[in-house]
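Peer 1: attaching a predicted model along with its sequence, questions to come.
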Amino acid sequence: MNDASAISVTATPAPAISVTGLTFAYPAGPTVLDQLRFEIAAGEAVGLVGPNGAGKTTLFLCLAGVAPIAAGQARVAGLDPAADRKQLPAKVGIVFQNSDDQLFSASVGDDVAFGPLNLRLPAAEVRARVAEALARVGLTGFESRVPHHLSGGEKRRAALAGVLAMRPEILLLDEPSMFLDPRGRRELLALLGEIGGTQIIAAHDLGFILERCRRVLALDRGRLVADGPAREVLADAALMEAHGLEVPYPLR
Ligand code: ADP
């Protein structure tokens, strides 16, 4: 008898992110993330929506190993953020809401080189990665520019270059379209599409999410209140209103 069913040759690839009951509180504070459960497939772009204080930024900090979580509550790029905090920066990049929090060196080149230098890569490899990352975000030739003299859109792209220079598998983007003018916003949308990989985009700009993400997670008071197709979740007026959000214009 041919028992082919016992031999699986098409193993399902492991999800890029698997969150299995993630609960988190800041020291001596209330619960900020409450029993979260979701999976994100490799290559998926997922929107993360919710009112201020819902826990979006905290979730990113937990997934990236910045905020300490308990062991066994998440797998991120094959790692447990609780146990493998040192390896995470090479796999997971966060682009913070405020680029000024991310740009702290005297030059754009130094800022972009910071991560690769921390990986102790050889100097030539660091230079190559800096050039490649700057080219990717359209900032070739900006190496010696002073970060805090850049425009808002340029700062955002420089911060993104610093993350891309690590060649992460997963990108966590916190309010990426904030402070961008319409052209900067359009360019960023195109850029994120080109970069690909696994992306979670937290934003109040629901139109931005709608253009970039097929799926949306909605968070309120640390709980997951929706997980589904962006066009369905964001069009649900009752759900949006119950969680301090509004149906974006294209879905009205
Ligand atoms: P969001 O990104 O959705 O606006 P946050 O993750 O920033 O939400 O905040 C979630 C909750 O955690 C809020 O109640 C906020 O006040 C609290 N919080 C955020 N950062 C800290 C911190 N460093 N220490 C204590 N509480 C914090």
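Peer 2: On my side now, so go ahead.
Peer 1: what helices and strands are in contact with the helix or strand harbouring residue 117?
Peer 2: Residue 117 is part of helix 108-118 when elements are defined by DSSP states H and E. Contacts defined by 3 or more Cβ pairs under 8 Å, 6 or more residues apart in numbering; DSSP states H and E place helix 108-118 against helix 123-136, helix 152-164. In this view, the C-beta of every residue, glycine as well, is placed from N, C-alpha and C.
Peer 1: tell me where the stretch 101-250 of the chain has strands.
Peer 2: Under the criterion DSSP state E, counting those that start in this stretch, strands of the stretch 101-250 of the chain are mapped to 170-174, 198-202, 215-220, 223-229.
Peer 1: what lines up beside the first one in the sheet?
Peer 2: By that I understand strand 170-174. Using DSSP bridges, the strands paired with strand 170-174 are strand 92-95 (parallel), strand 198-202 (parallel).
Peer 1: and the last one with strand 215-220, angle?
Peer 2: Strand 198-202 and strand 215-220 are oriented at 40 degrees to each other (axes from the mean of the first three to the mean of the last three Cα atoms, to 10 degrees).
Peer 1: list the contacts of the closest residue to residue 145 other than its chain neighbours.
Peer 2: With sequence-adjacent residues excluded and distances taken as Cβ to Cβ, 6 or more residues apart in numbering, residue 145 is closest to residue 108, at 4.9 Å. Neighbouring residues of residue 108 by Cβ atoms under 8 Å, 6 or more residues apart in numbering: 134, 139, 142-147, 150, 158, 161.
Peer 1: tell me the predicted confidence for residue 108.
Peer 2: pLDDT for residue 108: 97.
Peer 1: and it, how far is that from residue 16?
Peer 2: Residue 108 sits 29 Å away from residue 16, taking Cβ to Cβ, to the nearest Å as the criterion.
Peer 1: what do you get for residue 41?
Peer 2: Taking Cβ to Cβ, one finds residue 41 at 6 Å from residue 16.
Peer 1: ok, these two, which is more surrounded?
Peer 2: residue 16 (24 against 15; other Cβ atoms under 10 Å).
Peer 1: buried residues in stretch 183-194, which are they?
Peer 2: 184-185, 187-189, 191-192 (16 or more other Cβ atoms under 10 Å).
Peer 1: circling back to that earlier point, which among the strands paired with strand 170-174 is found nearest to residue 35?
Peer 2: strand 198-202 (18.6 Å; Cβ to Cβ).
Peer 1: what does the closest one rub up against?
Peer 2: The contact list for strand 198-202 (Cβ under 8 Å, 6+ apart) reads 16-17, 40-49, 56-57, 59-60, 63, 169-176, 192, 208-209, 212-213, 217.
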